[in-house]
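1. sequence and predicted structure below; questions after.
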Amino acid sequence: MEAVSLARLKDCMLRAECGAELTIGFLGGSITQGSLATKPENCYAYIVFSWWKQAFPKAVFHYVNGGIGGTTSHFGAARVETDVLMYQPDVVVVDFSVNDDADAFFQETYEGVIRKILTWHCAPAVILLNNVYYDTGKNAQDYHNAVGDWYQIPHVSIKDTLYKRMKAGMYTRGELTPDGLHPSDKGHALVAAELITFLEHVKACMPKLDMSNLSMHEKEETAFTKLPEPMTANMYEHAKRLTIREISPQLIGFRTDTEEKTGHLDFFKNGWIGQKAGDRILFKVTCSCIGVQYRRTIKRPALCAKVVVDGDTEHAKILDGNFDEDWGDCLALEPVLHHGECKEHMVEITILDSQENTDITPFYLLSLIVA
């Protein structure tokens, strides 16, 4: 790891030592959400949150878990404000290392997430977490941690710690995860232990200072730093999610889902529904990057759709509404324009014909992600 800056994290610990009120946030996929933990309190995120309460008993802490299963940093760049940042977090742990592919596209979307957090007005401390596929050792940490090093952000790698110990025979795969990815209760506890080891190291290096001894200028210098220029093309720092609340497309056969959401994990509400071949929906958006977010369902067979941007049928993409996994419906996100011209674009989505004779699950469109 390159040299990291712990100024923001130490500032949080100083304030916690003095009895301040702090919010600890987490952003990521299914592991962050708590998948396969037997109860929410056994999720690595909650265990780390509990460490803060135990380590700084004078302080008051609040917990924000912005994990959503099966989602990448592409979606994360568009939702980080509403799912984490609007709660004014003091610390944010970010983990998309098993959901993002190890490539330049996701490095750019990941940088968008990181810059949004770092530039948020409450200046949260950021810690990168790299979970791992325990059967293969695969993750996107090389691409993600390069972004972290660019901004001098610390990272904690499960691939470089817990996974290596498993490979050395200290643990069996079955002890850590039932499916090769999502941790068991023991696995969550051991992932949390790696983060806690890092936090305890930072705490042990803290100067014995009371915040009352710091001038306002020194507090600001501790909490805020000027960011370097972006590492990538950085088109996703200002990504936005367009739902029925932000955009009103032209509906030709599609209908709007009027059921209200009950929270950020109540995904498949307030979208647009295509029920038969030929149903169409048309959007006009001004941007240079477009992603289409839709449902892939285990209730097969499901309708599929074709998306065409600016009438370019030669480069049309198919949105397959069928999901081959068995853990539940998936929030799919398909990039359909990347680094295009920044202008008004027409996005047309059409339901395809199906030869199935049985009942077919409708096609569910959730949003456009634009940047």
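-> Cool, the structure landed. Numbering: from 1, shown residues only.
2. didn't Phe283 look like it was pressed against Leu368?
-> Yes. Counting by Cβ atoms under 8 Å, Phe283 does reach Leu368; the two are 6.1 Å apart. Where C-beta positions appear, they are placed from N, C-alpha and C, glycine not excepted.
3. next, show the common contact partners of these two.
-> Common neighbours of Phe283 and Leu368, counting by Cβ atoms under 8 Å, 6 or more residues apart in numbering, are Leu242, Ile247, Val347.
4. between these, which sits nearest His121?
-> Closest to His121 out of the shared contacts of Phe283 and Leu368 is Leu242 (23.8 Å), distances taken as Cβ to Cβ.
5. what sits against the closest residue to that closest one other than its chain neighbours?
-> By the measure of Cβ to Cβ, 6 or more residues apart in numbering, the closest residue to Leu242 outside its immediate chain neighbours is Leu368, 4.5 Å from it. Counting by Cβ under 8 Å, 6+ apart, Leu368 touches Arg241, Leu242, Ile247, Phe283, Val285, Ile290, Gly291, Val292, Gln293, Val347.
6. show me which of those are buried.
-> Arg241, Leu242, Phe283, Val285, Ile290, Gly291, Val292, Gln293, Val347 (16 or more other Cβ atoms under 10 Å).
7. the helices in the protein, which residues?
-> Ranges of helices within the chain are 7-17, 30-33, 44-55, 73-83, 104-118, 141-150, 162-167, 173-176, 185-204, 216-223, based on DSSP state H.
8. isn't Gly67 right up against Gly29?
-> Yes. Between Gly67 and Gly29 there is a contact under Cβ under 8 Å: 6.2 Å.
9. Cys330 and Arg300: what is the separation?
-> The spacing between Cys330 and Arg300, counted by Cβ to Cβ, to the nearest Å, is 12 Å.
10. identify the contacts common to those two.
-> With Cβ under 8 Å, 6+ apart, Cys330 and Arg300 have common neighbours Phe323.
11. contacting residues for Asn139?
-> Ser97, Val98, Ala102, Asn130, Asn131, Val132, Tyr133, Lys159.
12. about what we covered before: tell me which of the contacts of Leu368 is nearest to Asp142?
-> For these, the nearest to Asp142 is Gly291 (23.5 Å; Cβ to Cβ).
13. who's the closest residue to the closest one other than its chain neighbours bridged to?
-> Using Cβ to Cβ, 6+ apart and skipping the chain neighbours, the partner closest in space to Gly291 is Ile369 (3.9 Å). Under DSSP bridges, the beta-bridge partners of Ile369 are Arg241, Gly291.
14. wait, Ile369 sits on Ser73?
-> No. Shown here, Ile369 and Ser73 do not form a contact pair, counting by Cβ under 8 Å, at 11.3 Å.
15. so for these two, which sits in the more crowded spot?
-> Shown here are Ile369 and Ser73; by other Cβ atoms under 10 Å, Ser73 has more neighbours (32 against 26).
16. I'd say that one and Lys116 touch.
-> No. Between Ser73 and Lys116 there is no contact under Cβ under 8 Å: 10.6 Å.
17. and Gly180, how far from Ser157?
-> Taking Cβ to Cβ, one finds Gly180 at 18 Å from Ser157.
18. between these two, which one's more packed in?
-> When Gly180 and Ser157 are compared on other Cβ under 10 Å, the one with more neighbours turns out to be Ser157, at 21 against 13.
19. just to revisit the earlier point, export the shared contacts of Phe283 and Leu368 to a markdown table and append columns for pLDDT and distance to Tyr46.
-> Putting those into a markdown table (pLDDT from 0 to 100; distance: Cβ to Cβ, whole Å) gives the following:
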| residue | pLDDT | distance to Tyr46 |
| --- | --- | --- |
| Leu242 | 97 | 32 |
| Ile247 | 97 | 35 |
| Val347 | 98 | 39 |
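20. before we move on, back to that, what's the closest of the helices of the chain to Leu319?
-> Closest to Leu319 of the helices of the chain, according to Cβ to Cβ: helix 73-83, at 15.1 Å.
21. buried sites along that closest one?
-> Ser73, His74, Phe75, Gly76, Ala77, Ala78, Arg79, Val80, Asp83.
22. check what pLDDT the second one gets.
-> At His74 the predicted local distance difference test score is 98.
23. does it touch Arg241 like I think?
-> No. Look at His74 against Arg241 with Cβ under 8 Å: they stay out of range, at 10.7 Å.
24. can you work out which residues contact both of those two?
-> By Cβ under 8 Å, 6+ apart, the residues touching both His74 and Arg241 are Ile369.
25. who has more neighbours, Cys330 and Arg300?
-> More neighbours surround Cys330 than the other of Cys330 and Arg300, with 18 against 14 (other Cβ under 10 Å).
26. got the contact list for that one?
-> Gly70, Arg295, Arg296, Thr297, Phe323.
27. from Val370, how far off is the third one?
-> The gap separating Arg296 from Val370 is 21 Å, by Cβ to Cβ.
28. alright, I will stop here.
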